[in-house]
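Asks: Give me a 3D structure for the following:
(2 chains)
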Amino acid sequence: MERSRRSFLKIAGLTALGVCAKPVADVWAASAEHGASPQGRFVVGDKALTAKHWAMVIDTRQFESAEDLEPIIEVCHKVHNVPNLTVERHEIKWIWEEEFEHAFPMKENRYLNERVKDLPFLVLCNHCENPPCVRACPTKATFKRASDGVVLMDFHRCIGCRFCMAACPYGARSFNFRDPRPFIAEVTTEFPTRMKGVVEKCNFCAERLAVGKMPACVEVSNGALAFGDLDDPASDVRQLLKENFTIRRKQSLGTEPSVYYIV
Amino acid sequence: MLELALKGDKKYYGLVTILAAIVGVGTGFYLWQLQFGLGITGMSRDVTWGFYIAQFTFLVGVAASAVMLVLPYYLHDYKAFGKITILGEFLAVSSVTMCILFIFVDLGQPMRVLNVILYPTPNSMLFWDMIVLNGYLFLNIVIGWKVLEAERYGVPPPKWAKLLIYISIPWAVSIHTVTAFLYCGLPGRGFWLTAILAPRFLSSAFAAGPSLLILLCLLLRKVTNFDAGTKPIQTLSKIVTYAIIINVFFFLCEVFVAAYSQIPEHTAHLTYLFFGLHGHGALVPWMWTSMGLMLTAILLLLIPAARQNETILAVACLFVFAGTWIDKGMGMIAGGFVPNPMHHVNEYIPTLPEVLISIGVWAAGFLVLTLLFKIAIGVKQEAAGA
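Replies: Alright, predicted model coming up:
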């Protein structure tokens, strides 16, 4: 009896292992061979805005107070179905304001220019050239798009381990600590809502770029936010960078942020 | 051998029932978390890992510490450990089980956990952690089982088991190294950004694990007729002594680097933990308690007469375990997140459901431990009786 039960369990175990291993091996083989999903392929639309390296320049001289930033933050959160959660712990934000000393820690001086001292700074995902969040993600749910350098999230692949949030040195990522849908005042159908348990962040309006629109924040900024191709010497952003002294957040970490600030 | 876990007296079944009941309570609260989301915990946008990941980190250490028995016994033929090496291996099995459960309850979308295998990502340390933890679990189950089975039938363990044993030695080091690499490779987290993090993890592991094992041996002597003997317990106590001293030494090295360089991104976290920052100091009493416990334990363990007195030794081991648990199980993770990368201070305090789920996981681990120890002791009693 002992012997036969034992061999039965062994065979059953091996069979189960084989059944499980097959689909995994298939997926690995498929990803090695084609690198693309077997269901179809992506085509860039006719109207899509394209660039080799999307970057943003924020001209903080054009802002005076928090009121100037409000419409920018509002439009972003509206078009991306960012919920308005009242418990601070559960807060979700893609773009928000910080004081200079918090936006640029280690750059603050005790005696700061008065304008800068009181000025709220817009902060968002920096779409780093060398993103630590992408390095940390165990499922490639967050990735840097090879075509234009935008750091994106696949909300359906994210397992919610929050490693990316620990890795991000800019606090740019938010986690859905609960179902966000009841807290969206008015759902925008052009962009998906999220479910509980996944991470999200600014996506440089990839969904708008795909249909030929500039990022929502840039559109409502009255020219204070410039967006363009960093690799194109003739682009707006390159012109601004040429003519103005700019700083980036935590440059010493080697992440190479794509968001520049004119102070 | 599994049948040995089914034959026990009332006390044994009572313990199993109590542990199972605690697991049940934890599971109930986990179902609530599954339904609501991780919002029922104290974690926040700023402190994104809390009690669960801290327990995971601590328990990886307890699991790795089995090597402190396996290495002397199998590499140096230190016979005194012959009786208790199996206990160390089974402690590792139950600890890794808890580690995996703690990772699981920490996931926002646990039903997608297989994505880690479906989309393997070697640049993520979590991918490697999955491999080393599961590998270590497998190694210890197979090794423990085969060695025990051989003992039961009075034959030497198979040759291939010996090979697995040798593999398990560096593997034990790897599980805690990779776990440290989860934290110490992150830019902008000054508290963890230290090359000494993996050595620190290992030293606290080799203090906490063996001290728990000493306590378990003393307990087993009381409640069963299994006596580990004086010699192995005394050898373990020396291992604990060295390890806890090295652990405190490593910590002081960290303190020196931060305090003497005075780089704010490094000092801020230690200041927060030990003195509070901008009026926030929830962990301050805990951290000083931890330091007090570890230093007292060192004092007790260093005096040979005190160490040889098993009552004092038990107290010292309790202090080591509690001290390292607070340091790693509470301070290490929350301390790395406060202040946040923008130098805001948002504290973390675990919530009741979070703590109850954690207790449920601990109970699950101790349930596994109880069953495995029952089997191991059953086999040893059979062998002794025969």
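
Asks: For chain A, which residue gets nearest to chain B?
Replies: residue A:160 (2.0 Å; CB to the nearest CB). (C-beta placed from N, C-alpha, C; glycine too.)

Asks: ranges for the strands of the chain?
Replies: Let's take chain A. Taking DSSP state E as the test, the strands found in chain A are A:54-59, A:95-98, A:121-124, A:142-144, A:151-153, A:174-175, A:199-200, A:225-229, A:246-247, A:259-262.

Asks: should've been chain B
Replies: So, for chain B - with DSSP E - there are no strands.

Asks: quick check: longest helix of it.
Replies: helix B:352-385 (DSSP state H).

Asks: For that one, what does the pLDDT average out to?
Replies: The average pLDDT within helix B:352-385 is 94.

Asks: and the residue of chain A closest to chain B, what is it in contact with?
Replies: A:175-176, A:197-199, B:38, B:107-109, B:112 (CB atoms under 8 Å, 6 or more residues apart in numbering or on different chains).

Asks: Spatially nearest residue to it, not counting backbone neighbours?
Replies: Nearest non-adjacent residue to residue A:160, counting by CB to CB, 6 or more residues apart in numbering or on different chains: residue B:108, 2.0 Å away.

Asks: Need the phi and psi values for the one you found.
Replies: phi -70, psi -30 (degrees, to the nearest 10).

Asks: wait, doesn't residue A:65 sit right on residue A:120?
Replies: Yes - proximity of residue A:65 to residue A:120 meets the contact threshold set by CB atoms under 8 Å, at 7.1 Å.

Asks: Pick out whichever of the two has more residues nearby.
Replies: residue A:120 (20 against 10; other CB atoms under 10 Å in any protein chain shown).

Asks: Name the residues linked to the nearest residue to that one once chain neighbours are set aside by a beta bridge.
Replies: Ranked by CB to CB, 6+ apart and with sequence neighbours excluded, the top spatial neighbour of residue A:120 is residue A:97, at 3.8 Å. Beta-bridge partners recorded for residue A:97 (DSSP bridges): residue A:122.

Asks: and if you look at residue A:226?
Replies: Counting by DSSP bridges, the residues bridging with residue A:226 are residue A:57.

Asks: so what's it up against?
Replies: Contacts of residue A:226 (CB under 8 Å, 6+ apart): A:56-57, A:59, A:218, A:236-237, A:240.

Asks: Against residue A:47, how distant is it?
Replies: Applying CB to CB, to the nearest Å, the value for residue A:226 to residue A:47 is 21 Å.

Asks: Over to residue B:307?
Replies: Distance from residue B:307 to residue A:47, by CB to CB: 77 Å.

Asks: Comparing those two, which residue is more hemmed in?
Replies: residue B:307 (19 against 10).

Asks: Would you mind pulling up the elements that the longest helix of chain B packs against?
Replies: helix B:10-36, helix B:51-64, helix B:85-106, helix B:125-153, helix B:197-223 (3 or more CB pairs under 8 Å, 6 or more residues apart in numbering or on different chains; DSSP states H and E).

Asks: Looking at those helices, which is nearest to chain A?
Replies: helix B:125-153 (3.8 Å).

Asks: so how far is that closest one off the chain centroid?
Replies: Between the centre of helix B:125-153 and the centre of its chain there are 16 Å (CA atoms, centre = their mean, to the nearest Å).

Asks: So what angle separates the directions of it and helix B:51-64?
Replies: Here helix B:125-153 runs at an angle of 40 degrees relative to helix B:51-64 (axes from the mean of the first three to the mean of the last three CA atoms, to 10 degrees).

Asks: Any figure for the gap between the closest residue to residue A:182 other than its chain neighbours and residue A:170?
Replies: The shortest distance from residue A:182 to any non-neighbouring residue, by CB to CB, 6+ apart, is to residue A:83 (7.9 Å). Distance of residue A:83 to residue A:170, given as CB to CB: 21 Å.

Asks: out of these two, which sits in the more crowded spot?
Replies: Neighbour totals were compared for residue A:83 and residue A:170, and residue A:170 leads with 24 against 21 (other CB under 10 Å).

Asks: From what I see, that one and residue B:341 are in contact.
Replies: Yes - here residue A:170 lies in contact with residue B:341, judged by CB under 8 Å, at a distance of 6.3 Å.

Asks: anything in contact with each of these two?
Replies: In contact with both residue A:170 and residue B:341: A:250, B:188, using CB under 8 Å, 6+ apart.

Asks: what does the stretch 251-386 of chain B have sitting close to chain A?
Replies: Contact residues, the stretch 251-386 of chain B versus chain A (CB under 8 Å from any CB of the partner chain): B:264-265, B:336-337, B:340-344, B:346.

Asks: Among these, name the ones in helices.
Replies: Per DSSP H, the subset of these in helices is B:264-265, B:336-337.

Asks: check contacts around the closest residue to residue B:235 other than its chain neighbours.
Replies: Excluding its sequence neighbours, the residue lying closest to residue B:235 (CB to CB, 6+ apart) is residue B:80, at 6.1 Å. The contact partners of residue B:80, taken as CB under 8 Å, 6+ apart, are B:229, B:231-232, B:235.

Asks: Take those residues and write them to CSV, including neighbour count and pLDDT.
Replies: Shown next, in CSV, are the contacts of residue B:80 (neighbours: other CB atoms under 10 Å in any protein chain shown; pLDDT from 0 to 100):
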residue, neighbour count, pLDDT
B:229, 14, 90
B:231, 13, 94
B:232, 24, 94
B:235, 18, 95
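
Asks: Turn these into TSV, columns for distance to residue B:29.
Replies: Below are the contacts of residue B:80 laid out as TSV (distance: CB to CB, whole Å):
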residue	distance to residue B:29
B:229	41
B:231	44
B:232	39
B:235	41
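
Asks: For residue B:20, grab the count of nearby residues.
Replies: For residue B:20, the neighbour count with other CB under 10 Å is 13.

Asks: For the closest residue to it other than its chain neighbours, grab the count of nearby residues.
Replies: Once flanking residues are discounted, residue B:20 sits nearest to residue B:367: 6.3 Å by CB to CB, 6+ apart. Using other CB under 10 Å, residue B:367 has 19 neighbouring residues.

Asks: And residue B:367, how far from residue B:98?
Replies: Taking CB to CB, one finds residue B:367 at 10 Å from residue B:98.

Asks: In stretch A:213-233, which residues are buried?
Replies: Judged by neighbour count using 16 or more other CB atoms under 10 Å in any protein chain shown, the buried positions of stretch A:213-233 are A:213-221, A:224-230.

Asks: Kindly report the same for stretch A:67-87.
Replies: Per 16+ other CB under 10 Å, stretch A:67-87 contains these buried residues: A:68-69, A:72-73, A:75-83, A:85.

Asks: so for that stretch, what's the average pLDDT?
Replies: pLDDT averaged over stretch A:67-87 gives 95.

Asks: ditto for stretch B:188-207
Replies: Mean predicted lDDT for stretch B:188-207 stands at 95.

Asks: can you give me the end-to-end distance of that stretch?
Replies: Stretch B:188-207 has an end-to-end distance of 30 Å (CA to CA, to the nearest Å).

Asks: near chain A at all, it?
Replies: Yes - counting by CB under 8 Å from any CB, chain A has neighbours in stretch B:188-207: B:188-189.

Asks: chain center to that stretch, what's the gap?
Replies: 14 Å.

Asks: and stretch B:224-243, how far out from the chain's middle?
Replies: 18 Å.

Asks: buried sites along that stretch?
Replies: B:224, B:226, B:228, B:232-237, B:239-241, B:243.

Asks: Drop anything exposed from the residues of the stretch 251-386 of chain B next to chain A.
Replies: B:265, B:336-337, B:340-343.

Asks: Looking at these, which is nearest residue A:105?
Replies: Distances from these to residue A:105 were compared by CB to CB; the smallest belongs to residue B:343, at 4.6 Å.

Asks: Pop out the phi and psi values for residue A:51.
Replies: phi -160, psi 160.

Asks: Quick check: it vs residue A:238, distance?
Replies: Where residue A:238 is concerned, residue A:51 sits at a distance of 11 Å (CB to CB).

Asks: Good, wrapping up.
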